[in-house]
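>>> Got a predicted structure plus its sequence, pasted below:
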Amino acid sequence: MGYEIVIFILAILFFIYFVAIWSVHFISIIYGKYKFHKKPRSKVEGEKLPGVSIIKPLMGVDDNLKENLETFFVMDYPTYELLFCVQDVNDSAINVVKNLIEQYPSIDAKLFCGGKTVGINPKINNMEQGYQVAKYELMLISDAGIRMNNDTLYDMVTLMTDKVGLVHQMPFSCDRQGFSGALEKVYFGTSHCRMYLFINLIGVNCVTGMSCLMRKTVLDSIGGLQKFSNYIAEDYYLAQAFLDNKWVIQLSHQPAMQNAATYSISTWKKRMIRWCKLRLKLNFAAWLEPMQECFLLGLCSCWTVNVLFGWNSLVFFLFHVLAWLISDYTLLKITQNGKMPFNKLDYVLAWLYRESICYYLFLKAASNPTVRWREGKYRLKWGGTAEEIEDNSKPSIPRSQGTSSTLILSNKSINRIKKPISSHKRTSSYSVNTKNSPSLNSNSYNSDAENSVPLLAQISPAQSTSQTSLLNTSMNINRTSRAFHHQHHHSISNPMTLNPVFQNPESDHKPMSVLIDMNEQETKLN
């Protein structure tokens, strides 16, 4: 008799859980319809909008990079700056950015190369230089693979009311070809979307860092990006810091459209395993994720309804799966907010694959706490911290160390983090690496924690004033090198390659500072 009571109580408890999970379905559908189909706010003529500093961490090039980055140059927003950050000085993304800056000279854009090591998180190390010079009150961190609609930034800024400290976008994906493209869209538009919307609605931290607008002054007061440099899930802890300081977090009316050209089933699986590993180290509730999935929940519910109501388990399971499939499709259509890029059969196949493989992905994530991210390998610890594991099979990435002094160029002034440097005349040029710079190769460059200066490249607008293109390698050169003053600007080679024009055989490779003045078409050596 006592055994039957225990079974009955367990069945009741699980039925309550079953109803709660299905409630999440209905709530996310309603909230998604409200959030993603809300009529956008009309722009007011002469409306005063705050400036936005946009940090774009880049690594490598794919076929869509230029297209994705270009969407940030044509946004319908009055005042913003683009701060592109590249860790590897030989990264081919440099040329993509350089060409776009030349193509859109009216846009305030800068390119930083070399990064600055402030912790183990490679993304924060890459963004640190851009963060230090961001000049506006609002700051947007946006991943390289994000494609921006021309009105998205306006939507995010209008949500930044007095009590709001951070506005984020829910991850989604652009329309892509093939089964892997359908799989990614189905995942981000169903399982991921459902929980993301519901958790955001109840006020729990669910921020992903691929596209986040935040108040820079608040972040500065917390400790800056450096504060979160020892976390791999820096986006979660950054958002949590805003919540802890009594700021409200808002979800944008537009999803973050991921548009990387390289995608496959294998890439998607690795990404899902890495994300799951992070969740398992952040919250005990993440260990219950398999019980939130369709098939396992349905099997357990079959037993529950059979005990409580005597219903046929097989019929109930089939009805449960069909209802889940339809509700997920409804949510996907709401998130897509337009024509689906695949037919219903493709949807069913992608949905069945995702629902079936999620248990394998979970076990894979739970069995190994190490993750590969970018070019590093890390061992995750409870609470989100991590330690980097030395991996000799991977080449090291060039990065600056410590408190290196960096020259920062803006469209209206020239600022230096450590020492002031005099301004010069307007230029439409970019920083030039010299023969006397630290030796570079495809994998690394030499840097010194005390004296090295990370490379910085910028092309400033042709219409801007008081502009100079500078490169400082934190070195001094013999005054006799002034014989090299007069070099025509057309002799300058690619800005990110070694330039023999400035080679001085008598300097014995001593460091030097180079200033290129395109107005006078001469090179001055200090």
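Yep, that arrived.
>>> Ala286 contacts Gln292, doesn't it?
No - counting by Cβ atoms under 8 Å, Ala286 does not reach Gln292; the two are 10.1 Å apart. For every residue, glycine as well, the C-beta is placed using N, CA and C.
>>> all strands of the stretch 301-450 of the chain, in order?
370-373, 376-380, 386-389, 407-409, 414-416 (DSSP state E, counting those that start in this stretch).
>>> got the buried residues for the third one?
For strand 386-389, the neighbour count (16 or more other Cβ atoms under 10 Å) marks Ala386 as buried.
>>> Give me the residues contacting that strand.
Strand 386-389 has contacts (Cβ atoms under 8 Å, 6 or more residues apart in numbering) with 120, 230-232, 370-371, 376-381.
>>> Could I have the buried ones of those as PyMOL selection syntax?
Applying 16+ other Cβ under 10 Å to the contacts of strand 386-389, the buried members can be selected in PyMOL as follows:
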select buried, resi 120+230+231+232+371+376+377+378+380
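>>> now the contacts of strand 386-389 as CSV including distance to Ile7 and pLDDT?
Output for those, formatted as CSV (distance: Cβ to Cβ, whole Å; pLDDT from 0 to 100):
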residue, distance to Ile7, pLDDT
Ile120, 49, 88
Asn230, 47, 88
Tyr231, 44, 89
Ile232, 43, 86
Thr370, 41, 86
Val371, 41, 82
Gly376, 50, 73
Lys377, 47, 82
Tyr378, 44, 81
Arg379, 42, 84
Leu380, 38, 84
Lys381, 39, 85
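>>> could the contacts of strand 386-389 be laid out in CSV, adding distance to Cys113?
Compiled in CSV, these are given as follows (distance: Cβ to Cβ, whole Å):
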residue, distance to Cys113
Ile120, 21
Asn230, 24
Tyr231, 25
Ile232, 24
Thr370, 29
Val371, 26
Gly376, 19
Lys377, 24
Tyr378, 24
Arg379, 29
Leu380, 29
Lys381, 31
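>>> now, which of the contacts of strand 386-389 sits nearest Lys344?
Among the contacts of strand 386-389, Val371 lies closest to Lys344 (Cβ to Cβ), at 35.6 Å.
>>> Next, the contact list for the residue lying closest to that closest one once chain neighbours are set aside, please.
Among residues not flanking Val371 along the chain, Arg274 sits closest, at 4.9 Å (Cβ to Cβ, 6 or more residues apart in numbering). Arg274 sits next to 365, 371-373 when contact means Cβ under 8 Å, 6+ apart.
>>> So among these, which ones count as buried?
For the contacts of Arg274, a burial check counting by 16+ other Cβ under 10 Å picks out 365, 371.
>>> and which of the contacts of Arg274 is nearest to Asn312?
Nearest member of those to Asn312, counting by Cβ to Cβ, is Ala365, at 35.1 Å.
>>> can I assume the closest one is in contact with Lys277?
Yes - the pair Ala365 / Lys277 is scored as a contact, 4.6 Å apart, by Cβ under 8 Å.
>>> Common neighbours of these two, please.
When Cβ under 8 Å, 6+ apart defines a contact, no residue borders Ala365 and Lys277 alike.
>>> tell me the contacts of Lys56?
69, 72, 82-85, 130, 142-144 are the contacts of Lys56 under Cβ under 8 Å, 6+ apart.
>>> In helices, which of these appear?
Filtering those for membership in helices, criterion DSSP state H, returns 69, 72, 130.
>>> For the residue nearest to the second one when sequence neighbours are not counted, grab the count of nearby residues.
By the measure of Cβ to Cβ, 6+ apart, the closest residue to Phe72 outside its immediate chain neighbours is Met148, 5.5 Å from it. Other residues near Met148 number 24, with proximity taken as other Cβ atoms under 10 Å.
>>> ok, Met148 to Phe316 distance?
45 Å (Cβ to Cβ, to the nearest Å).
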